[in-house]
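*Asks:* take a look and give me a structure for this.
(chains A and B)
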Number of protein chains: 2
Amino acid sequence: MITNVENEFLAFVKKVMAYKEAVSLMHWDLRTGAPRKGAEQRAETIGMLSSEIFAMCTSEEMAAYIGKLSDEQAKNKLSERTNRLVEVCKKEYDLNKKIPADEFREYVSIQSHAETVWEEAREKSDFSMFLPYLEKLVDYNKRFINYWGYKEHKYNTLLDHHEPGMTVKTLDEVFGQLRQSIVPLVKEVAQSQSKPETDFLYETFPKEKQKEFTIQILNQMGYDFEAGRLDDTVHPFATGINSGDYRITTRYDENDFRMAVFGTIHEGGHAIYEQNISKELENTPLHQGTSTGIHESQSLFYENFVSRHKGFWQHNFALLNQYAPDQFDGITLDEFYHAINESKPSMIRIEADELTYPLHIMIRYELEKALFNDEIEVKDLPQLWNEKYEEYLGITPKNDAEGVLQDVHWAGGSFGYFPSYALGYMYAAQLKQSMLQSIPEFDQLVEAGNLTPIREWLTVNVHQFGSLKEPLEIIQAATGEGLNVQYLIDYLTEKYREIYQLN
Amino acid sequence: MITNVENEFLAFVKKVMAYKEAVSLMHWDLRTGAPRKGAEQRAETIGMLSSEIFAMCTSEEMAAYIGKLSDEQAKNKLSERTNRLVEVCKKEYDLNKKIPADEFREYVSIQSHAETVWEEAREKSDFSMFLPYLEKLVDYNKRFINYWGYKEHKYNTLLDHHEPGMTVKTLDEVFGQLRQSIVPLVKEVAQSQSKPETDFLYETFPKEKQKEFTIQILNQMGYDFEAGRLDDTVHPFATGINSGDYRITTRYDENDFRMAVFGTIHEGGHAIYEQNISKELENTPLHQGTSTGIHESQSLFYENFVSRHKGFWQHNFALLNQYAPDQFDGITLDEFYHAINESKPSMIRIEADELTYPLHIMIRYELEKALFNDEIEVKDLPQLWNEKYEEYLGITPKNDAEGVLQDVHWAGGSFGYFPSYALGYMYAAQLKQSMLQSIPEFDQLVEAGNLTPIREWLTVNVHQFGSLKEPLEIIQAATGEGLNVQYLIDYLTEKYREIYQLN
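*Replies:* Residues are numbered from 1 along each chain as shown, chains lettered A, B, ... in the order given. Got it, this is the predicted structure:
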């Protein structure tokens, strides 16, 4: 009896996944070479099929499955997989159904206008243009939180959408510790007299050669080209099309190879995560990364803990030289390693280095939290933003374009998303520490270019579960403790004191 | 009142088109580089979304629209476009609904097995393996014809599916004339002592260089790269994704540049057809070529009447030489022109030259017609096939693989399709003749590489209408007469008597 319902439910979910495959492919295509004249109709088609997905996920049929499969008696008979799947579908159903349909429609309409206005406002560096839209977006989100419900802080509900289980309490703790250690370190680094030489990074490195090199690196990492492909784009991303197809895109700057090399490694980390999810989760939304934070932990693991590691370049510097025969003449490995790890306070998050990056996130977190706690108003954001940049990074944006208007997230109504970026970084450092217990020869493996045991450890401890487990369950099981920011602090402190010769 | 129904109907059709866009893109992707490990799931996804399209096109909702919009009173109030759209939707609806669902399911299942068996049978050159499947496919089609209804010949119903309005009566006439003229001409050519030198065609011509050359040619033809793109594949095709996106694929043989050059021009002709359909037909199935025959007339117009024209190479032979600097040393334009127009009887349709090609089609037509007239049995096909090859082309296949098993069409249940290939050729010759009335300087334009007036004439007379008009309406309006095979006969006779020095 329950088996029949379960099978029907699984078939229904599989159908939803088929639609999602179509939409993912259409997005990928649009961003990797779909012809300009078909783009407008494509956008409409994506909208139409996305509406169909929304309709299915909030349908009476879905409600009936959730109802039948989530009573206690049913739960006992179902597999862990199906129980978790019901839970995930229920969460999405509730999220969408608790908001009155007309309010949601108004909100979507404001959202789409807001992005256009934000673009113009950023271009003109004029926050006042964007202000009324941002006020409405925040206001709607506050109302939605009331519909959805919340525990302790309203902002917790938003955090939970992106990083299930994450709370203000936890973030206050970890960001507090980070602030105490990293803010002074960033200042010391900025004042250090020992600056790396970086001119050689900006010499011309032909795109095709960069591409050949990054393909070699992806192969080392264990990216499976039979279950993916690498294409060019403007704003790089990785995307799952189906469970045997996880694609990477990248962008090439012929005067700065770091964009493509580190960018591809970053996206490769995302891709390897999903390429190694258990096949048993196929055809369900469990066959994807469990949260934006855990996803980011995998991309940052490869980007920072592998490819910005000196040992990685002990193995690959000679290879890089083959693809750019003259660029690094007379440059030692140490000089190269210091150059690619240069750190200095800067205005723009997406251009920030490894050390200063978490401070960019902390600033956004503190502002969002205060907004949803009704401690500050939207109109105060530009000034508060600038004050925090001065406080944490020692620099002040010269205008709103390089300040409060720099990111698209708020224009899209995305609040509670930014912390995931920093969480991913903390998770990655914590996973690295735990990995060292099982693989004490980590450094030697990286130096030998043998990344397979590293990938396998991540698969066993993170990848395979897809969304079967929640982020903090994964971290607890993999590292034996809850979120602990100390590993990231130690990593950054040790590395940057060494590079900048701070005793 | 009727306007509301019309608008709802148009919105419904637009939704169907959105699904079709998704399916087309998924097909294109699968054939141009989708990763191997995602292919199986992709096939399932395509199947699932195709079923949704089928369900919409045969739904009660569709039936209701057709009912309301096709009574005489409604028709008078509707635009030509909507009336034609209703007609096209009704035709598809009837086609699918008149067959009992269980019979159709059985048929689809046999079809999918038949293709696999055919592949193996062809590999082993063993018709007896394929025989029981082919018998069933023919048998089901005969039954379906009874459900669908027919006039005069059962085979007319099948012809009409691919080439609306086409009949056995017309085809008997045109193929009869073709046989009388072309069969003796092919024999004379085969016996001619004057053979073109062709060795130089098979020299190594790097793929990238071939590609650069074909892009130049596509630009000359007026293919719009902002509304399309060119990719590599194994079995080349052109495909419409949406009304601003019509893509070409091609295959490169580094030892025979003709495959990519003439293949791309052929697919380019298909693409240019759909790129120039009136924007007013967007978001409906009228925004596609009206039949396989008319589609083929456009690809063959460019392939044969433009790119196998001597004037075309007067303009482009020097350009070709730039991409293959040594290959054509000491070869005159005339020698080149004769070589690329070499004609000789051969076994395989898809490798046949311009002159012998129609005979390959005629043989298949005669066999299909006899099958559906109950004059022959499926088991007799191999022998009859071989006899006809001997009769028309003077050669006999040495086995079934290069005989009756060579084409996939029958394994897919496609009967009545082959004649389209020959019809396209006849249409193209007839359109060319008519074009000469408006553009007497055709030869000079081709020699000058100015193909724009030619493309414009085809747009005015063929492209713009999409499926708004039926094939024979288009031919009648463009040429002032019904199908007339004499133009093709004259073209082939004159051209090949000249090349092979037959007085």
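*Asks:* from now on I want contacts and neighbour counts done on CA atoms only, so please keep to that.
*Replies:* OK.
*Asks:* now do the SS call for A:Y252.
*Replies:* Following DSSP: H, G, I helix; E, B strand; the rest coil, A:Y252 is assigned to coil.
*Asks:* pLDDT score for the residue nearest to it when sequence neighbours are not counted?
*Replies:* In this structure, A:Y252 finds its nearest non-sequential neighbour in A:A260, 5.1 Å apart by C-alpha to C-alpha, 6 or more residues apart in numbering or on different chains. Looking at A:A260, its pLDDT is 97.
*Asks:* try A:M1
*Replies:* A:M1 is given a pLDDT of 66.
*Asks:* returning to that earlier point: please name every helix or strand in contact with the helix or strand the residue nearest to A:Y252 falls within.
*Replies:* Element membership of A:A260 [criterion: DSSP states H and E] is helix A:258-275. Helix A:258-275 is packed against helix A:207-221, strand A:238-242, strand A:245-250, helix A:292-300, with contacts defined by 3 or more C-alpha pairs under 8 Å, 6 or more residues apart in numbering or on different chains; DSSP states H and E.
*Asks:* my guess is the residue nearest to A:Y252 contacts A:E254. True?
*Replies:* No. Applying C-alpha atoms under 8 Å, one finds A:A260 not in contact with A:E254, separated by 9.2 Å.
*Asks:* between those two, who's got more neighbours?
*Replies:* A:A260 (23 against 18; other C-alpha atoms under 10 Å in any protein chain shown).
*Asks:* picking that back up, what touches both of A:A260 and A:E254?
*Replies:* Shared contacts of A:A260 and A:E254, defined by C-alpha atoms under 8 Å, 6 or more residues apart in numbering or on different chains, are absent.
*Asks:* helix, strand, or coil at the closest residue to chain B within the stretch 51-200 of chain A?
*Replies:* In the stretch 51-200 of chain A, the residue that lies nearest chain B is A:E52 (10.1 Å; C-alpha to the nearest C-alpha). The three-state label given to A:E52 by three-state DSSP is helix.
*Asks:* also A:P196?
*Replies:* Under the three-state scheme (three-state DSSP), A:P196 adopts coil.
*Asks:* measure it to A:E203 for me?
*Replies:* Applying C-alpha to C-alpha, to the nearest Å, the value for A:P196 to A:E203 is 16 Å.
*Asks:* more crowded one of these two?
*Replies:* Counted by other C-alpha under 10 Å, A:P196 and A:E203 do not tie: A:P196 has more neighbours, with 18 against 15.
*Asks:* list the residues that contact that one.
*Replies:* Counted by C-alpha under 8 Å, 6+ apart, A:P196 has contacts A:E335, A:H338, A:A339, A:E342.
*Asks:* one more pass at 7 Å, please.
*Replies:* A:H338, A:A339, A:E342 (C-alpha atoms under 7 Å, 6 or more residues apart in numbering or on different chains).
*Asks:* what is the distance between the host helix or strand of the second one and the centre of its chain?
*Replies:* Okay, so that is A:A339. Assigned by DSSP H and E, A:A339 belongs to helix A:333-340. The chain centroid and the centroid of helix A:333-340 are separated by 27 Å under C-alpha atoms, centre = their mean, to the nearest Å.
*Asks:* try stretch A:264-277
*Replies:* Mean-position distance between stretch A:264-277 and its chain equals 12 Å (C-alpha atoms, centre = their mean).
*Asks:* got a list of contacts for it?
*Replies:* A:214, A:218, A:223, A:237-238, A:246-248, A:250, A:287-289, A:295, A:298-300, A:302-303, A:459, A:463-466.
*Asks:* one more time with 6 Å, if that's ok
*Replies:* A:Y223, A:A238, A:Y246, A:T250, A:Q288, A:Q298, A:S299, A:Y302, A:E303, A:H463, A:Q464, A:G466 (C-alpha atoms under 6 Å, 6 or more residues apart in numbering or on different chains).
*Asks:* ok, which pair from those is furthest apart?
*Replies:* The distance between the two most remote of these (C-alpha to C-alpha) is 25.4 Å, for A:T250 and A:Q464.
*Asks:* these two: which is more packed in?
*Replies:* Taking neighbours as other C-alpha under 10 Å, A:T250 and A:Q464 compare with A:T250 leading, 26 against 23.
*Asks:* in contact with that one, which residues?
*Replies:* Shown in contact with A:T250 (C-alpha under 6 Å, 6+ apart): A:D232, A:T233, A:P236, A:T264.
*Asks:* now the residue nearest the centre of chain A: closest residue in space that isn't a chain neighbour?
*Replies:* With distances taken as C-alpha atoms, centre = their mean, the residue of chain A nearest its centroid is A:E296 (4.0 Å). Excluding the flanking residues, the one nearest A:E296 by C-alpha to C-alpha, 6+ apart is A:G424, at 4.6 Å.
*Asks:* about what we covered before: give me the angle between the helix holding A:A260 and helix A:207-221.
*Replies:* Put simply, helix A:258-275 runs at 40 degrees to helix A:207-221, going by axes from the mean of the first three to the mean of the last three C-alpha atoms, to 10 degrees.
*Asks:* list the buried residues of the strand or helix carrying A:R497.
*Replies:* According to DSSP H and E, A:R497 maps onto helix A:486-499. Neighbour counts using 16 or more other C-alpha atoms under 10 Å in any protein chain shown place A:Q486, A:Y487, A:L488, A:I489, A:Y491, A:L492, A:T493, A:Y496, A:I499 of helix A:486-499 among the buried residues.
*Asks:* just stretch A:302-319 next, same as before
*Replies:* For stretch A:302-319, the neighbour count (16+ other C-alpha under 10 Å) marks A:302-317 as buried.
*Asks:* coming back round to it: quick one: which of the buried residues of helix A:486-499 is nearest to chain B?
*Replies:* Closest approach to chain B among those (C-alpha to the nearest C-alpha): A:L488, at 36.6 Å.
*Asks:* tally of neighbours for A:R122?
*Replies:* Using other C-alpha under 10 Å, A:R122 is surrounded by 22 other residues.
*Asks:* revised request: answer the last question for A:E152.
*Replies:* Using other C-alpha under 10 Å, A:E152 has 10 neighbouring residues.
*Asks:* looks to me like it is in a helix.
*Replies:* No. Under the criterion used here (three-state DSSP), A:E152 is coil, not part of a helix.
*Asks:* that one and A:N219, how far apart?
*Replies:* Counting by C-alpha to C-alpha, the gap from A:E152 to A:N219 is 47 Å.
*Asks:* quick revisit: dump the helices and strands packed on helix A:258-275 into CSV; add distance to A:Q41 and mean pLDDT as well.
*Replies:* Converted to CSV, the helices and strands packed on helix A:258-275 look like this (distance: least, C-alpha to C-alpha, whole Å; pLDDT from 0 to 100):
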stretch, distance to A:Q41, mean pLDDT
helix A:207-221, 32, 98
strand A:238-242, 21, 97
strand A:245-250, 23, 98
helix A:292-300, 30, 98
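*Asks:* enumerate the residues of the stretch 251-400 of chain A near chain B.
*Replies:* Proximity of the stretch 251-400 of chain A to chain B, by C-alpha under 6 Å from any C-alpha of the partner chain, involves no residues.
*Asks:* count the residues that sit near whatever residue of the stretch 1-150 of chain A ends up closest to chain B.
*Replies:* As assessed by C-alpha to the nearest C-alpha, chain B sits closest to A:G38 within the stretch 1-150 of chain A, at 3.9 Å. A:G38 sits with 19 neighbouring residues when counted by other C-alpha under 10 Å.
*Asks:* which of the three states applies to it?
*Replies:* Under three-state DSSP, A:G38 falls in the helix class.
*Asks:* most neighbours among the contacts of A:P196, which one is it?
*Replies:* A:H338 (21 neighbours).
*Asks:* phi, psi for the closest residue to that one other than its chain neighbours please.
*Replies:* Leaving aside its chain neighbours, A:H338 sits nearest to A:P196 (5.8 Å; criterion: C-alpha to C-alpha, 6+ apart). With angles defined as degrees, to the nearest 10, A:P196 sits at phi -70, psi 150.
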